[in-house]
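*Asks:* For reference, the sequence and a predicted model appear below.
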Amino acid sequence: MNPTRVFVIGLDGATFDLLDPWIGEGRLPHFKRMMENSTYSRLESTIPPITPPAWTSFMTGVNPGKHGILDFFTLKENSFEKVLVNSSHVRSKRFWDLAREKGKKSIILYVPLTYPPQKVEGVMISGIPAPTHGEFIYPKEMGGELEEKLGRWWAEPDGDKLKDLREETFLSEFYQTLETRFKVANYLMTKEWDIFVFVIMETDWMQHFMWGEKDRCLLPLYMKIDGMIGHFMELLKEEDVLLMMSDHGFGPIQKTFYLNPWLREKGFLVSKREWGSSKEKQDMGIFHLQKGPSLVRKIKQLIGKKRVGVHWGKAQAYSINGLYSHGVRINLRGREPEGIVIPEEYDQVRNRVMEALKLAMDEQEGRRVIEQVFRREDIYRGPYMRNAPDVIFVPNCEYKLSDRIGDKIFKKNKPGGSFHRPEGILILRGPGIKKGKKIMGAHIMDIAPTLLYLLGLPVPKDFDGKVLTEALEPEVLKAYPIRTEDIPLEIEAAEFVITEAEEKEMRKKLQGLGYMD
């Protein structure tokens, strides 16, 4: 079609389960105006429906087996050490990379997994996780311009403040961040651009903590965002396309399912009590104990570090996927650092784990815990499928997951708890887009090819996503057929080292926002 500009608003974790009632009550007039003149759909997320793989599939148009991002962490090769991922771990081109190759200008704001920022023809400000004092804006001089025009412009929630459990502290942090980011987006809209992406993370963050107070705490947030949407709609040109989407949905949960204790109960994992790591011992002076009053204190500290770990010499399967833990790894000899399952028995052990998961029961509630169970090759394709857990599953929506090893398999959550659901939102509005049309089957991987088509650019044949033709007027598709090309997508591994201080700060923010224990 004729080249147009595309403005994307990403609402992390937004769901029609919240929006539909509020729109019906007249609380969100600009959301309503958008939907009345748009094509809309529930948007299927990745499996699992979590921030890192979902947003990366949004930006790349491919599945995690091709782009390589499965969680906020990856494991070092030949090790159980978790490494915080960053944009250099993404192995497939983003749609803004492809647009830049064709001379298009992009402004990309706060998309997760964009630190360090990529070189774009335009502006990029990194999303989570990013350190406060890192190089999180490209080009660097744009930071000086924003400071001159807006004053304080860099906005990230303070990890230390988020440890404060008082509601007013949470709300203050989130609203301050949102206000500052809106000012930045509003200013940068005056620049020249073809693609503008503005991701609002506060929806997800507040839903994690405030789901039980939807009308009192979440509705005011969405009303504020509704006003921002109205403002953006006034600034856009008549020929611009406005696309709103979320990376996953949201809903209430009742319990946490502890996967490793369950594996232990089923005979796949053996645990043991162990002391802290060698580094923890060294930090406490256990290798250099001096006589005196501090000796007893240091010994008490060390005893406090005693914890439950995996007996690797006896474990056939385990979970070590970070907070989300939607998978099980087989302790395979030759691949895992202390693997015991020989390759000839891999399929047998994996099949036994899968059958056990299908039958996993919460006896107290009288219901199954797992809805779907997959081999990794059932849902992922590509060279980085090898980094995925051997077994991947979708839990019953009433449960969230943890890889912690303790005594309990289930734990009741506090009232009002919530977590991600597989279906987000998609609203698409503008010239050539059908009005008032609900479509089915849209996937988050479809966003990148659809954006490229709307920009008048060719679509790579190797995309896993497709152009959402159901959203487009037939005469548009007839006049401007979809063009596909053999465009190389894979990116060579990049070297980028995060300092120890930066990683510590980034982990603290992720902990404060509920992304990791």
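*Replies:* Perfect, I can see it now.
*Asks:* Go ahead and confirm residue 373 touches residue 391.
*Replies:* Yes - contact criterion CB atoms under 8 Å: residue 373 and residue 391 qualify, at 6.6 Å. (Glycine included, C-beta is placed from N, CA and C.)
*Asks:* For those two, list the residues in contact with both.
*Replies:* Here residue 373 and residue 391 have 354, 357 as joint contacts, going by CB atoms under 8 Å, 6 or more residues apart in numbering.
*Asks:* Which of these two has more residues huddled nearby?
*Replies:* residue 391 (24 against 19; other CB atoms under 10 Å).
*Asks:* Can you pull the domain assignment for this structure?
*Replies:* Following automatic domain parsing, one finds the domains of the chain at 6-253+418-512, 255-270+311-412.
*Asks:* Would you format the ones you listed as a markdown table with mean pLDDT included?
*Replies:* Listed next are the domains of the chain as a markdown table, based on pLDDT from 0 to 100:
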| stretch | mean pLDDT |
| --- | --- |
| domain 6-253+418-512 | 93 |
| domain 255-270+311-412 | 92 |
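*Asks:* ranges for the helices of the stretch 201-350 of the chain?
*Replies:* 202-210, 219-235, 259-265, 278-283, 293-304, 346-358 (DSSP state H, counting those that start in this stretch).
*Asks:* What is the second one packed up against?
*Replies:* Using 3 or more CB pairs under 8 Å, 6 or more residues apart in numbering; DSSP states H and E as the contact definition, the elements that helix 219-235 packs against are strand 6-11, helix 16-24, helix 29-36, helix 167-188, helix 202-210, strand 241-245.
*Asks:* Quick check: which of those is nearest to residue 82?
*Replies:* For residue 82, the closest of the helices and strands packed on helix 219-235 is helix 202-210, at 21.1 Å, according to CB to CB.
*Asks:* ok now do residue 359, which residues does it touch?
*Replies:* residue 368 are the contacts of residue 359 under CB under 8 Å, 6+ apart.
*Asks:* Distance check, it against residue 264.
*Replies:* Distance of residue 359 to residue 264, given as CB to CB, to the nearest Å: 16 Å.
*Asks:* What of residue 84?
*Replies:* 28 Å.
*Asks:* ditto for residue 60
*Replies:* Applying CB to CB, the value for residue 60 to residue 264 is 37 Å.
*Asks:* Give me the more crowded residue out of those two.
*Replies:* residue 60 (30 against 21).
*Asks:* got the contact list for that one?
*Replies:* Residues in contact with residue 60 (CB under 8 Å, 6+ apart) are 66-67, 90, 92-95, 448, 489.
*Asks:* Isn't residue 16 up against residue 421?
*Replies:* No - between residue 16 and residue 421 there is no contact under CB under 8 Å: 10.6 Å.
*Asks:* Quick check: the gap between residue 51 and residue 515.
*Replies:* Taking CB to CB, one finds residue 51 at 7 Å from residue 515.
*Asks:* So these two - more neighbours on which side?
*Replies:* A direct count of neighbours by other CB under 10 Å for residue 51 and residue 515 places residue 51 higher, at 28 against 23.
*Asks:* can I assume that one is in contact with residue 112?
*Replies:* Yes - with contact defined as CB under 8 Å, residue 51 counts as touching residue 112 (5.4 Å).
*Asks:* Report the contact partners of the closest residue to residue 471 other than its chain neighbours.
*Replies:* In space, and not counting its chain neighbours, residue 471 is closest to residue 39: 3.9 Å by CB to CB, 6 or more residues apart in numbering. Taking CB under 8 Å, 6+ apart as the criterion, residue 39 is in contact with 427-429, 433-435, 437-439, 468, 470-471.
*Asks:* would CSV of those residues with distance to residue 405 be doable?
*Replies:* Formatted as CSV, these follow (distance: CB to CB, whole Å):
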residue, distance to residue 405
427, 42
428, 45
429, 48
433, 50
434, 51
435, 54
437, 49
438, 45
439, 44
468, 43
470, 46
471, 46
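*Asks:* Of those residues, which is the most crowded?
*Replies:* The most crowded member of the contacts of residue 39, judged by other CB under 10 Å, is residue 428 (27 neighbours).
*Asks:* how about that residue, phi and psi?
*Replies:* Main-chain torsions, residue 428, degrees, to the nearest 10: phi -130, psi 120.
*Asks:* Could you measure from it over to residue 63?
*Replies:* 22 Å.
*Asks:* What of residue 24?
*Replies:* According to CB to CB, residue 24 stands 35 Å off from residue 63.
*Asks:* Neighbour count: these two, which is higher?
*Replies:* Neighbour count, other CB under 10 Å: between residue 24 and residue 63, residue 63 has more, with 23 against 10.
*Asks:* mind listing what that one touches?
*Replies:* Residues near residue 63 by CB under 8 Å, 6+ apart: 46, 57, 379-382, 445, 464.
*Asks:* Sort out which of the residues you listed are buried, if you could.
*Replies:* Buried members of the contacts of residue 63, counted by 16 or more other CB atoms under 10 Å: 46, 57, 379-380, 382, 445, 464.
*Asks:* need those in TSV with secondary structure, can you?
*Replies:* Below are these laid out as TSV (DSSP: H, G, I helix; E, B strand; the rest coil):
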residue	secondary structure
46	coil
57	helix
379	helix
380	coil
382	coil
445	helix
464	coil
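*Asks:* Tabulate the residues you listed (JSON lines), appending distance to residue 504.
*Replies:* Compiled in JSON lines, the buried ones among the contacts of residue 63 are given as follows (distance: CB to CB, whole Å):
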{"residue": "46", "distance to residue 504": "28"}
{"residue": "57", "distance to residue 504": "29"}
{"residue": "379", "distance to residue 504": "34"}
{"residue": "380", "distance to residue 504": "31"}
{"residue": "382", "distance to residue 504": "32"}
{"residue": "445", "distance to residue 504": "34"}
{"residue": "464", "distance to residue 504": "36"}
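*Asks:* from those residues, which is closest to residue 237?
*Replies:* Distance to residue 237 across the buried ones among the contacts of residue 63 (CB to CB) is lowest for residue 445, with 28.2 Å.
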